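> With the sequence up front, the predicted model follows.
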Amino acid sequence: MTTALAVSLALLLTIDFPGRLFAQAEPKTIKPGMTEAEVRAAWGEPLTARKAGPMTYLYYRNDCFKRCGTHDIVFLEGGQVIDAIVRDSHRHYDGVSSSPVERKPEATRSGS
């Protein structure tokens, strides 16, 4: 492989997958009260979005799916962010999450 080809390939990978080859300086942050459009501008297009009544759920891939067992989820009510579950190291939620990172999963206890 020629040097020019190798450099071109490296640039292409960097453009197509930002943040994966080089560490980002600061996580991309969303805040309570942001609109869906503002979330999409900060984090990009979600993997999928679901709506139920006044609620919208935006699902984002994260860098710990196998370990965490869930995608990152943004909860919007009436078009504004009210909560988020964030595990990706390149994203941040500047609110009080209903599922903080330090919370460890527990087995469900039976009612007997």
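Everything's here; your move.
> Any stretches of this protein with poor pLDDT?
The chain contains residues with pLDDT under 70 at 1-25, 101, 103-112.
> Would you map the strands across it?
Ranges of strands within the chain are 28-30, 48-52, 55-60, 72-77, 80-85, 91-93, based on DSSP state E.
> can you list the ones you listed in JSON lines and add mean neighbour count?
Backbone N, C-alpha and C define where each C-beta goes, glycine included. Formatted as JSON lines, the strands of the chain follow (neighbours: other C-beta atoms under 10 Å):
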{"stretch": "strand 28-30", "mean neighbour count": "17"}
{"stretch": "strand 48-52", "mean neighbour count": "10"}
{"stretch": "strand 55-60", "mean neighbour count": "18"}
{"stretch": "strand 72-77", "mean neighbour count": "20"}
{"stretch": "strand 80-85", "mean neighbour count": "19"}
{"stretch": "strand 91-93", "mean neighbour count": "18"}
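> Let's have these in TSV, adding distance to Glu36.
Converted to TSV, the strands of the chain look like this (distance: least, C-beta to C-beta, whole Å):
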stretch	distance to Glu36
strand 28-30	10
strand 48-52	8
strand 55-60	6
strand 72-77	6
strand 80-85	8
strand 91-93	15
